[in-house]
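Chemist: sharing a model that was predicted from the sequence below.
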Amino acid sequence: MKTQFVMQKIDLEFNKNEDKHQLEISDVLYKLEKIYEGGGHERIKKLHEEGKMTARERISYLIDEGTFFYEVGAFAGYEMYAEYGGCPAGGVVTGLGKVAGRVVMIVANDATVKAGAWFPITGKKNLRAQEIAMENRIPVIYLVDSAGVFLPLQDEIFPDKEHFGRMFRNNAKMSSMGIPQIAAIMGSCVAGGAYLPIMSDEALIVEGTGSIFLAGPYLVKAAIGEDIDQETLGGAKTHCEVSGVTDYRMPDDKTCLDTIRKLISKQGHFEKAGFDRIASNKPKFSQDEILGLFPENSTKPYDVTEILKRVVDDSDLLQYKEDYGKTIICAYARIDGWSVGIVANQRLVLKNAAKEMQFGGVIYSDSADKATRFIMNCNQKKIPLIFLHDVTGFMVGRRSEHGGIIKDGAKMVNAVANSTVPKFTIVMGNSYGAGNYAMCGKAYDPRLIVAWPTAKIAVMGGTQAARVLTQIQVSTLQKKGLAPDPVSEQTLFEKTKEKYDKQTSAYYAASRLWVDAIIDPRKTREFISLGIEMANSGTVEKFNPGILQT
């Protein structure tokens with residue numbers, strides 16, 4: 001009878017978790033539908049009337065039939081630039097797709113959003129796309145249709161190191177690295193933006209809609225008094241017959257995209273990085289069960305190995321130092337046939353060998369030491385690393401400080417920073433403080449980093465941060481003789497917490513490109529497999545453990 005009650009309780013908890021996550025996934029999909037509309041139906045209709053496809057239509061037509069497009073930065077600019085009418089997806093669609101059987105990076109301006117103009121987040125997103133291509137030596141396809149820099153924000157996009165000009169610098173760097181870049185001029189291409197397609201290795205231009213020039217007809221008239229129409233100044237006929245700036249003249253969007261596919265199909269191949277892969281086997285347990293196993297409440301404990309068994313081939317994990325440093329799970333496994341090393345935070349409340357209580361989601365000295373050694377082993381064996389976050393930070397207090405938690409934590413961070421094999425990061429739940437760094441947050445160069453809808457990224461949790469910030473504000477008021485009453489103090493706490501909670505959400509992180517995407521947890525396996533396939537075109541430098549050897 002007691003066993004039956006326990007099982008019913010587990011089932012209820014499973015169903016509660018599942019329902020909550022299903023709602024969160026539905027919310028993500030609803031928001032994405034709005035983002036996919038770009039500048040709205042009227043702008044899309046106008047584009048079609050001009051004989052042009054939208055950015056997403058172009059990508060859908062370009063990629064191989066039956067394959068999917070892994071979008072990077074769909075939430076970029078989400079709830080930003082409201083004073084300018086918003087900037088859905090940052091005004092540019094970027095992501096990984098297969099063209100002629102190869103993984104490529106696609107960058108397509110969305111002309112329905114401010115005529116494809118560059119906002120600050122647009123520049124950041126373009127640079128992230130180029131960074132991924134450079135790290136993994138994959139071809140880049142630019143589908144250009146842009147009015148150039150968004151002038152009201154030019155000071156935030158034009159002059160600095162990580163601004164607009166960096167993209168052209170990357171064009172040059174990639175060419176010198178032998179990474180193919182193909183640009184299709186499918187709309188306006190003005191001023192500084194004209195350099196991007198022409199600094200690519202090959203350029204196509206669509207008749208009637210594509211144009212490229214440093215200064216448009218109006219500016220030419222103002223500058224030198226010359227009257228000239230757009231097509232004569234910089235259209236397909238001019239650049240294919242007179243200037244020789246472009247290489248291929250295309251009659252329409254579809255022919256242009258078909259030609260790109262032919263060009264990609266004829267490219268040679270880089271030497272592969274050599275990551276081990278065998279025949280793929282599905283997990284023994286359904287990936288759908290992840291939604292029921294992962295708690296809807298971020299403070300509740302759970303066994304992360306049960307999550308991993310829904311992701312890895314045959315649900316088979318070979319744990320490294322299984323009985324030591326139990327708040328981090330380190331394991332060898334395969335995902336879609338690829339050999340991987342997994343580093344995952346364990347949220348169970350445990351006891352270590354000394355019978356001391358260890359709280360889940362916290363990194364202790366022993367778990368940091370274990371993870372450091374495991375990361376070194378994976379680098380030695382050329383095994384890609386997968387990090388799964390649900391971490392509240394490193395353990396604090398007298399015992400931890402006296403035990404050298406700072407040194408052990410520093411060694412783990414050092415190992416992550418110096419790791420040369422590809423790293424892929426999934427933020428499942430909490431990702432707080434230095435725990436974010438040690439588990440390969442964005443600052444530590446993961447090849448790709450994604451979040452589940454449940455992700456929270458911040459220095460600390462909303463409740464803790466709100467208490468600290470409230471105490472500081474109350475203390476400041478008290479010094480001025482203006483101590484608030486308990487009701488006002490509680491109101492201040494709730495207001496602070498609400499603001500902080502918003503800033504820790506997956507949407508806030510994705511809008512600023514702290515993560516590349518928000519994914520359905522059930523798609524984690526697909527994400528990792530595509531990422532390693534992409535990375536297998538890149539190179540792996542020799543690992544130098546440095547101070548870790550001491």
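Modeler: Alright, I've got the coordinates.

Chemist: contacts and neighbour counts: CA atoms only from here.
Modeler: OK.

Chemist: which element is Ala510 on?
Modeler: When secondary structure is defined by DSSP states H and E, Ala510 falls within helix 506-511.

Chemist: ok, now Leu219?
Modeler: helix 217-224.

Chemist: can you check Ala183 too?
Modeler: Assigning secondary structure by DSSP H and E places Ala183 in strand 181-190.

Chemist: Glu24 too?
Modeler: In this structure, Glu24 is located in helix 2-36 according to DSSP H and E.

Chemist: same question for that helix: list its buried residues.
Modeler: When burial is assessed from 16 or more other CA atoms under 10 Å, helix 2-36 yields the following buried residues: Glu13, Phe14, Asn15, Lys16, Asn17, Glu18, Lys20, His21, Glu24, Ile25, Val28, Ile35.

Chemist: show me what the mean pLDDT comes to for it.
Modeler: Across helix 2-36, the average pLDDT comes to 84.

Chemist: returning to what we had before: from the contact counts, what lies against the helix holding Ala510?
Modeler: Contact analysis of helix 506-511 by 3 or more CA pairs under 8 Å, 6 or more residues apart in numbering; DSSP states H and E lists strand 456-458, strand 517-518 as its packing neighbours.

Chemist: let's have those strands in CSV, adding mean pLDDT and mean neighbour count.
Modeler: Putting those into CSV (pLDDT from 0 to 100; neighbours: other CA atoms under 10 Å) gives the following:
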stretch, mean pLDDT, mean neighbour count
strand 456-458, 91, 26
strand 517-518, 98, 26
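
Chemist: select, out of those strands, the one closest to Val312.
Modeler: strand 517-518 (20.3 Å; CA to CA).

Chemist: and the closest one, what does it pack onto?
Modeler: strand 448-451, helix 506-511.

Chemist: in the stretch 251-400 of the chain, which spans are helices?
Modeler: 253-265, 290-293, 304-308, 365-381, 398-402 (DSSP state H, counting those that start in this stretch).

Chemist: and these as CSV, adding mean pLDDT and distance to Thr246?
Modeler: Formatted as CSV, the entries for the helices of the stretch 251-400 of the chain read as follows, by pLDDT from 0 to 100; distance: least, CA to CA, whole Å:
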stretch, mean pLDDT, distance to Thr246
helix 253-265, 98, 13
helix 290-293, 97, 50
helix 304-308, 97, 50
helix 365-381, 96, 44
helix 398-402, 69, 63
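
Chemist: nearest to Leu448 among those helices would be which one?
Modeler: Nearest to Leu448 among the helices of the stretch 251-400 of the chain is helix 365-381 (17.5 Å), distances taken as CA to CA.

Chemist: coming back round to it: winner for burial among the helices and strands packed on strand 517-518?
Modeler: strand 448-451 (a mean of 26; mean count of other CA atoms under 10 Å).

Chemist: quick one: distance of it to the chain centre.
Modeler: Strand 448-451 sits 4 Å away from the centroid of its parent chain (CA atoms, centre = their mean, to the nearest Å).

Chemist: same question, stretch 503-522
Modeler: That offset, for stretch 503-522, works out to 8 Å (CA atoms, centre = their mean).

Chemist: contacts for that stretch next, please.
Modeler: Applying CA atoms under 8 Å, 6 or more residues apart in numbering, the external contacts of stretch 503-522 come out as 25, 28, 71-80, 121, 124-125, 287-288, 290-291, 442, 448-458, 461-462, 502.

Chemist: again, but for stretch 107-116
Modeler: Outside stretch 107-116, the residues within contact range by CA under 8 Å, 6+ apart are 38-40, 43-44, 47, 54-56, 59, 87-88, 91-95, 117, 126, 129, 140-148.

Chemist: drop anything exposed from those residues.
Modeler: The neighbour-count criterion (16+ other CA under 10 Å) marks 38-39, 43-44, 54-56, 59, 87-88, 91-95, 117, 126, 129, 140-148 among the contacts of stretch 107-116 as buried.

Chemist: following element in sequence after the helix holding Glu24, please.
Modeler: Downstream of helix 2-36, the first helix or strand assigned by DSSP H and E is helix 41-49.

Chemist: C-alpha coordinates for that following helix, CSV please?
Modeler: The C-alpha trace of helix 41-49 is given here as CSV (Å, rounded to 0.1, in the frame of the first residue of the first chain):
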residue,chain,number,x,y,z
HIS,A,41,2.3,40.7,-43.5
GLU,A,42,2.1,43.9,-45.4
ARG,A,43,5.8,44.1,-45.8
ILE,A,44,5.9,40.5,-46.9
LYS,A,45,3.2,41.1,-49.4
LYS,A,46,5.1,44.0,-50.8
LEU,A,47,8.2,41.9,-51.1
HIS,A,48,6.3,39.3,-53.1
GLU,A,49,4.9,41.9,-55.4
